[in-house]
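Trainee: what would the 3D arrangement of this be:
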Amino acid sequence: MPQRLAAAVDIETKIAKILGHQAVKVKPYSRHLLIQIDDNGQLDTIARLTQINPKTYGVSFKSHTGRWDPLPEEGSCDEMITMLVEELGPYLDPANY
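Mentor: Numbering: from 1, shown residues only. Next up, the predicted model:
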(Lines give C-alpha, C1' and ligand atoms only; values in the text may rest on other atoms or scores of the structure.)
Protein backbone atom coordinates (compact mmCIF):
# COMPACT_ATOMS: atom_id res chain seq x y z
CA MET A 1 0.00 0.00 0.00
CA PRO A 2 2.80 2.55 0.63
CA GLN A 3 3.77 2.12 -3.03
CA ARG A 4 0.20 2.96 -4.14
CA LEU A 5 0.17 6.01 -1.86
CA ALA A 6 3.48 7.22 -3.34
CA ALA A 7 2.05 6.72 -6.86
CA ALA A 8 -1.06 8.71 -5.88
CA VAL A 9 1.06 11.62 -4.59
CA ASP A 10 3.20 11.56 -7.76
CA ILE A 11 0.14 11.57 -10.04
CA GLU A 12 -1.53 14.33 -8.00
CA THR A 13 1.60 16.46 -8.38
CA LYS A 14 1.75 15.88 -12.15
CA ILE A 15 -1.92 16.75 -12.62
CA ALA A 16 -1.55 19.89 -10.49
CA LYS A 17 1.42 21.00 -12.59
CA ILE A 18 -0.52 20.52 -15.85
CA LEU A 19 -3.74 22.16 -14.62
CA GLY A 20 -2.12 24.90 -12.57
CA HIS A 21 -4.17 24.31 -9.42
CA GLN A 22 -4.23 22.01 -6.38
CA ALA A 23 -7.95 21.13 -6.37
CA VAL A 24 -7.42 17.63 -7.82
CA LYS A 25 -6.73 14.88 -5.30
CA VAL A 26 -5.67 11.30 -6.04
CA LYS A 27 -6.66 8.50 -3.69
CA PRO A 28 -5.52 4.87 -3.94
CA TYR A 29 -8.41 2.43 -3.92
CA SER A 30 -7.60 -1.26 -4.48
CA ARG A 31 -5.84 -1.44 -7.87
CA HIS A 32 -7.28 1.92 -8.91
CA LEU A 33 -6.23 5.50 -8.30
CA LEU A 34 -9.31 7.68 -7.91
CA ILE A 35 -9.10 11.16 -9.40
CA GLN A 36 -11.18 13.54 -7.32
CA ILE A 37 -11.93 17.26 -7.33
CA ASP A 38 -12.15 19.18 -4.08
CA ASP A 39 -15.47 21.01 -4.18
CA ASN A 40 -15.36 23.26 -1.09
CA GLY A 41 -14.10 20.50 1.17
CA GLN A 42 -16.15 17.72 -0.40
CA LEU A 43 -14.39 15.31 -2.77
CA ASP A 44 -16.21 14.36 -5.96
CA THR A 45 -14.76 11.38 -7.85
CA ILE A 46 -14.40 12.20 -11.54
CA ALA A 47 -12.22 9.42 -12.96
CA ARG A 48 -9.88 6.59 -12.10
CA LEU A 49 -6.58 5.27 -13.35
CA THR A 50 -6.35 1.50 -13.32
CA GLN A 51 -3.08 -0.36 -13.47
CA ILE A 52 -3.51 -3.16 -16.00
CA ASN A 53 0.05 -4.46 -15.72
CA PRO A 54 3.28 -2.92 -14.36
CA LYS A 55 3.68 -0.59 -17.35
CA THR A 56 0.14 -0.14 -18.65
CA TYR A 57 -2.76 1.91 -17.32
CA GLY A 58 -6.28 2.65 -18.43
CA VAL A 59 -8.57 5.58 -17.61
CA SER A 60 -12.28 5.45 -16.86
CA PHE A 61 -14.67 8.24 -16.02
CA LYS A 62 -17.70 8.12 -13.78
CA SER A 63 -20.82 8.79 -15.82
CA HIS A 64 -23.98 10.41 -14.51
CA THR A 65 -25.41 6.91 -13.97
CA GLY A 66 -22.56 6.00 -11.61
CA ARG A 67 -21.02 3.52 -14.05
CA TRP A 68 -17.33 3.53 -14.94
CA ASP A 69 -16.94 4.12 -18.67
CA PRO A 70 -13.44 3.45 -20.02
CA LEU A 71 -11.68 5.81 -22.39
CA PRO A 72 -10.65 3.91 -25.53
CA GLU A 73 -6.89 3.75 -25.02
CA GLU A 74 -4.29 2.25 -22.71
CA GLY A 75 -0.71 3.38 -22.16
CA SER A 76 1.91 4.42 -19.69
CA CYS A 77 0.89 6.28 -16.57
CA ASP A 78 2.14 9.59 -17.99
CA GLU A 79 0.26 9.03 -21.27
CA MET A 80 -2.94 8.32 -19.37
CA ILE A 81 -2.49 11.42 -17.19
CA THR A 82 -2.19 13.48 -20.36
CA MET A 83 -5.29 11.82 -21.84
CA LEU A 84 -7.19 12.34 -18.60
CA VAL A 85 -6.44 16.07 -18.57
CA GLU A 86 -7.15 16.51 -22.29
CA GLU A 87 -10.43 14.59 -22.28
CA LEU A 88 -11.79 15.44 -18.83
CA GLY A 89 -10.14 18.78 -18.13
CA PRO A 90 -13.39 20.77 -17.73
CA TYR A 91 -14.48 18.31 -15.00
CA LEU A 92 -11.19 18.90 -13.19
CA ASP A 93 -11.57 22.69 -13.12
CA PRO A 94 -12.74 24.03 -9.73
CA ALA A 95 -14.31 27.02 -11.51
CA ASN A 96 -16.95 24.65 -12.90
CA TYR A 97 -18.20 23.71 -9.43
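
Trainee: all contacts plus neighbour counts: C-alpha atoms, from now on.
Mentor: Fine.

Trainee: report the beta-bridge partners for the residue most central in space within the chain.
Mentor: The centre of the chain sits closest to Ile35, judged by Cα atoms, centre = their mean, with a distance of 3.2 Å. Beta-bridge partners recorded for Ile35 (DSSP bridges): Val26, Ala47.

Trainee: my guess is it meets Leu43, correct?
Mentor: No - assessed by Cα atoms under 8 Å, Ile35 is found out of contact with Leu43, at 9.4 Å.

Trainee: distance of Leu34 from Glu12?
Mentor: With distances taken as Cα to Cα, to the nearest Å, Leu34 is found 10 Å from Glu12.

Trainee: could you do Ala95 as well?
Mentor: Distance, Ala95 to Glu12, using Cα to Cα: 18 Å.

Trainee: who has more neighbours out of these two?
Mentor: Regarding Ala95 and Glu12, a neighbour count based on other Cα atoms under 10 Å identifies Glu12 as having more, with 20 against 8.

Trainee: could you pull out the helices for the chain?
Mentor: 2-19, 77-88 (DSSP state H).

Trainee: just to revisit the earlier point, quick check: neighbours shared by Leu34 and Glu12?
Mentor: Shared contacts of Leu34 and Glu12, defined by Cα atoms under 8 Å, 6 or more residues apart in numbering, are found at Val26.
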